[in-house]
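J.: Give me a model of this one.
(chains A and B, ligands or ions: 2)
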Amino acid sequence: MASTEKISAFPYPFVENNVYRYSNNAIPLNPPIAIEVTDSYIEELNLKRGLLKMHPKRCFHSEPHTMDAQWEALDLILNQLAEYYPEKFKLVTNGGHWIFNNLHKGEKQSFTFGDPTTLDREPLDFVGRHVQEDLILMMQRDGDLFLDAGQLCFPANWSLYFDAGMSFKEIHTPIPGFQSASLDERILQFLMRIEAGSPWWRKNWSLMAGNRLDTSLETFAEWGQARKKVTKENVGELVHLRVEVQKLFRLPKSNGILFTIHTHMLPLEQFIKHTPWLEQFSSILQELPDFIADYKGISLYREVVLEYLEKELEKR
Amino acid sequence: MFSYVEGKRKLLFCTDSEVDRNLYILVRQALDENVTFEFHILEEESEESFVNQWFHKQKMGAYLYISGKEDFVKRIKDVAMMAGFTEHDMQSLINGPVKKKLICCTCHGVNEVSDQTHVVCVHCGQELEVSDHYSRRLDAYLGYVTIK
Ligand code: HEM
Ligand SMILES: [Zn+2]
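T.: Ligands and ions are numbered 1, 2, ... in the order given. Take a look at the predicted model:
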């Protein structure tokens, strides 16, 4: 259940600025690794596989024309797992014959690369079951990017089933202010220029009441209730900073973009132990415009959090 | 509103109701200008094959006006398109509510809505807020659950 992690590994999402606004905050990714294996690997994998089993329509979608891109994504991820975590994963490729060994999980799979009949799932659905990240494939055509395949178990309140097939701008229509100053257009243009071998990444943050990773829009009626249960007694424990580490890789053969999302969570009581974080986050949350707080779902308990942060600041 | 398009060889009018007044002014104008026209009141769905034949026997330069409830307009439009009419060869006007599909975010069930801002999902009973998040794949808008 506890999908939170150690403070030392937490991807702190803010830069120098004490004011947060939507912007293109993507930066080059070095080293160029699409995935990260953390201490909660086994736990999150089990959770993922359970969700995929119970809710296949909610967690996986693919258009038939994404098959080549799916194989490319699998190629990239399996190779990186074996390269960067050699004690946990082994990959042997002998021509088209591949053997992937997940030593960490105790699973071995052999298949013929490019031959879907040799895997019992689609390539993206297979590889997604070996990483903590959610995996989205954006296919490029007609000067636009379309969400044509994805495996999504830990969404921050959106629906893969509903968004499947949409263009980049269509996906982002629910975000207030995202169209102003053509931010959406500028980000789209940036994405379409991403080149193979030069990946990018960004962090997105939110607060959430509760510590579920599977905050799907489909189950919002359940988990959203926790927003009303935040009190000054439980706020440090109940409210979490939720950060998505998002990475963008161009797939050279299919010309698609692989978008990986690794979700991290830390309860406020842990987060505030680091005084600079406490100070900066307190001013950011204080200043945050209502339209962003509303969209992120913070408004119902923002005051309680602010009071808590101020009390903690006084103690330092 | 409809606009009268000049210079057409022939005008075709159709409506789903005798009491529909939307076409009245156009018909008057066609009479005044001596433009050939045909007028049909199509109250039964079974008249589809008649409509089909009617559209097929038209020659180039025919222009179509459709007036009626949303379903009727959609249906007649489809038949016309199948018979070779394009969006440029016709105008339509919907009487009454325009329905759109709303997908329930909780159960993915499809609901029909017109101009409400909130509906109760007919499939799972969840109260939904109608949004303008639209999926072309599903031809539907997204209905969100709100926490109050
Ligand atoms: C290319 C792959 C991407 C996909 C598939 C994607 C998808 C999404 C989705 C589904 C949402 C939630 C929308 C909703 O409420 O329904 C979202 C939110 C957002 N996206 Fe993206 N996105 C991508 C890339 C980016 C990039 C590159 C940026 C900026 C540089 C960006 C900026 C944002 C922002 C600011 C939000 C609002 C998040 C919040 O306030 O918590 N996205 N995105
Ligand atoms: Zn429903």
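
J.: Stretch A:184-203 near ligand 1 at all?
T.: Yes: judged by C-beta under 6 Å from any ligand atom, stretch A:184-203 and ligand 1 are in contact via A:187, A:191, A:202. The way it works is simple: take the backbone N, C-alpha and C, and place the C-beta from them, glycine included.

J.: One more: stretch A:225-241?
T.: No: with C-beta under 6 Å from any ligand atom as the criterion, ligand 1 is not reached by stretch A:225-241; the gap is at least 11.9 Å.

J.: mean confidence for that stretch?
T.: Average pLDDT, stretch A:225-241: 98.

J.: excluding its backbone neighbours, what's nearest residue 66?
T.: In the absence of a named chain, chain A is used. Excluding the flanking residues, the one nearest A:Thr66 by C-beta to C-beta, 6 or more residues apart in numbering or on different chains is A:Ala149, at 4.0 Å.

J.: my bad, the chain I had in mind was chain B
T.: Take B:Ile66 and drop its neighbours on the chain: the residue closest to it by C-beta to C-beta, 6+ apart is B:Ser92, 4.1 Å away.

J.: right, and that neighbour touches B:Ala80 too?
T.: No: with contacts counted by C-beta atoms under 8 Å, B:Ser92 stays clear of B:Ala80, the gap being 9.4 Å.

J.: intersection of neighbour lists for the two?
T.: With contacts defined as C-beta atoms under 8 Å, 6 or more residues apart in numbering or on different chains, the residues adjacent to both B:Ser92 and B:Ala80 are B:Ile66.

J.: ok, these two, which is more surrounded?
T.: Neighbour count, other C-beta atoms under 10 Å in any protein chain shown: between B:Ser92 and B:Ala80, B:Ala80 has more, with 25 against 19.

J.: so that one sits in a helix?
T.: Yes: per DSSP: H, G, I helix; E, B strand; the rest coil, B:Ala80 lies within a helix segment.

J.: quick one: contacts for it?
T.: By C-beta under 8 Å, 6+ apart, the contact list for B:Ala80 reads B:55, B:64, B:66, B:89-90.

J.: try A:Val127
T.: By C-beta under 8 Å, 6+ apart, the contact list for A:Val127 reads A:73-74, A:77-78, A:135.

J.: Dig out what A:His61 forms beta bridges with.
T.: Beta bridges link A:His61 to A:Gly150 when assigned by DSSP bridges.

J.: for it, what are its contacts?
T.: When the contact criterion is C-beta under 8 Å, 6+ apart, the partners of A:His61 are A:149-150, A:160-161, A:164.

J.: again, only using 6 Å
T.: When the contact criterion is C-beta atoms under 6 Å, 6 or more residues apart in numbering or on different chains, the partners of A:His61 are A:150, A:160, A:164.

J.: shouldn't A:Thr66 be in contact with A:Leu147?
T.: No: taking contacts as C-beta atoms under 6 Å, A:Thr66 lies outside contact range of A:Leu147: 10.1 Å.

J.: Could you report the separation of whatever residue of chain B ends up closest to chain A from B:Val113?
T.: Closest to chain A within chain B is B:Arg137: 3.8 Å, counting by C-beta to the nearest C-beta. Going from B:Arg137 to B:Val113 by C-beta to C-beta, to the nearest Å gives 19 Å.

J.: Tell me which of those two has more neighbours.
T.: Between B:Arg137 and B:Val113, B:Val113 has the larger neighbour count (other C-beta under 10 Å), namely 19 against 16.

J.: what secondary structure does the spatially closest residue to that one that is not a sequence neighbour sit in?
T.: With C-beta to C-beta, 6+ apart as the criterion, B:Val113 has its nearest non-adjacent residue at 4.8 Å, and that residue is B:Leu102. With three-state DSSP as the basis, B:Leu102 sits in strand.

J.: Distance check, the nearest residue to A:Val37 once chain neighbours are set aside against B:Cys124.
T.: Leaving aside its chain neighbours, A:Val37 sits nearest to A:Tyr85 (5.4 Å; criterion: C-beta to C-beta, 6+ apart). If you measure A:Tyr85 against B:Cys124 using C-beta to C-beta, the figure is 42 Å.

J.: between the two, which one's more packed in?
T.: Remark: of A:Tyr85 and B:Cys124, A:Tyr85 carries more neighbours, 17 against 13, as counted by other C-beta under 10 Å.

J.: Could you tell me how far the more buried one is located from A:His130?
T.: Look at A:Tyr85 and A:His130: by C-beta to C-beta, they are 11 Å apart.

J.: Could you do B:Ser114 as well?
T.: 47 Å.

J.: Which residue of the two possesses the greater neighbour count?
T.: Legend: neighbour count by other C-beta under 10 Å for B:Ser114 and A:His130, higher for A:His130 (23 against 12).

J.: quick one: which of the contacts of A:Val127 is nearest ligand 2?
T.: Nearest to ligand 2 among the contacts of A:Val127: A:Leu135, at 27.4 Å, using C-beta to the ion.

J.: Tell me which stretches of chain B form helices.
T.: For chain B, helices defined by DSSP state H occupy the ranges B:24-32, B:48-56, B:70-82.

J.: and what of chain A?
T.: With DSSP H as the criterion, chain A has helices spanning A:41-54, A:56-59, A:67-84, A:123-128, A:160-163, A:168-171, A:183-192, A:220-223, A:235-238, A:268-271, A:275-287, A:290-296, A:302-315.

J.: Identify whichever of these lies nearest to ligand 2.
T.: Between ligand 2 and the helices of chain A, the shortest gap by C-beta to the ion is with helix A:220-223, which sits at 9.5 Å.

J.: now, which of the contacts of B:Ala80 sits nearest ligand 2?
T.: Ranked by distance to ligand 2 (C-beta to the ion), those are led by B:Ile66 at 33.6 Å.

J.: Could you check how far that closest one is from B:Met82?
T.: 14 Å.

J.: So which of those two has more stuff around it?
T.: Each of B:Ile66 and B:Met82 has its neighbours counted (other C-beta under 10 Å); B:Ile66 has more, 26 against 11.

J.: who in chain B is up against chain A?
T.: B:105-106, B:133, B:135, B:137, B:142, B:145, B:147 (C-beta under 6 Å from any C-beta of the partner chain).

J.: Show me which pair in those is furthest apart.
T.: Spatial extent of the residues of chain B next to chain A (C-beta to C-beta) is set by the pair B:Arg137 and B:Ile147 at 27.7 Å.
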